[in-house]
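**Student:** Give me a 3D structure for the following:
(one chain, ligands or ions: 1)
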Amino acid sequence: MLIRENPAFEGKELSKTEKARYAREKAAYFLKALKKFGNCGKILYVDGKPVGYAQYSTSNRFPTTREYRAKNLEAKENVAFISCLYIADQNFRGRGLGEKLLGEVIASLKKRDFKAVETFARKGSANNPSGPLEFYLKKDFRVKEEIDSDFALVRLDF
Ligand SMILES: CC(C)(COP(=O)(O)OP(=O)(O)OC[C@H]1O[C@@H](n2cnc3c(N)ncnc32)[C@H](O)[C@@H]1OP(=O)(O)O)[C@@H](O)C(=O)NCCC(=O)NCCS
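**Tutor:** Reported below is the predicted structural model:
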């Protein structure tokens, strides 16, 4: 299993140039995704400060999902995939904000007639693009596929 090491994700300081490059890449990605998929991200603010972020689309729009080698990941247009769910500041974790953000993603997908949402969850660790397995099990997701000792594919049917 490859666990992608993103310097920002690992808490390392990025240079200004790196930050600008990531920002440009992200903006280009969103413009394309917005045209083809529609709304594909949410930012959670507390007192006007952005503290959380979620990104989703259909799984075929995230090529890195192939690295997980899941056999049962759906790529249908009416099944969404969460590629990122993040409460960036550790001090804001454990206060129900992740749950709130996930709830907003689900509500918006339901309104758009999606029938389910899937993601890769990491066992015993929150250090993962979409967070820990334990979080998703509490939110009524079920394990659709055990990938290996670290990861599971989880799914919530609406
Ligand atoms: C996944 C994540 C968003 C959860 O956010 P959070 O605000 O801490 O979660 P909540 O406080 O809403 O927790 C909801 C429930 O899940 C449980 N939970 C959350 N994290 C957990 C963990 N690591 N282990 C076990 N249970 C956990 C909580 O105890 C809570 O349970 P309860 O309803 O019984 O009280 C957060 O862990 C995170 O940001 N992880 C890092 C993800 C990341 O690095 N993404 C990279 C960006 S691409």
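
**Student:** contacts and neighbour counts: CA atoms only from here.
**Tutor:** OK.

**Student:** correct me, but Thr65 touches Ser59?
**Tutor:** Yes. In this structure, Thr65 is within contact of Ser59 by CA atoms under 8 Å, at 7.0 Å.

**Student:** Compare these two (neighbour count), which wins?
**Tutor:** Legend: neighbour count by other CA atoms under 10 Å for Thr65 and Ser59, higher for Ser59 (23 against 16).

**Student:** quick one: that one from Ile82, how far?
**Tutor:** 8 Å (CA to CA, to the nearest Å).

**Student:** what about Ile87, distance to Arg122?
**Tutor:** Remark: distance between Ile87 and Arg122 (CA to CA) = 16 Å.

**Student:** Nearest residue to the middle of this structure?
**Tutor:** Taking CA atoms, centre = their mean, the centroid of the chain lies closest to Cys84, which sits 2.0 Å from it.

**Student:** continuing past the host helix or strand of it, what's the next helix or strand?
**Tutor:** According to DSSP states H and E, Cys84 maps onto strand 79-87. Downstream of strand 79-87, the next assigned helix or strand under DSSP H and E is helix 97-111.
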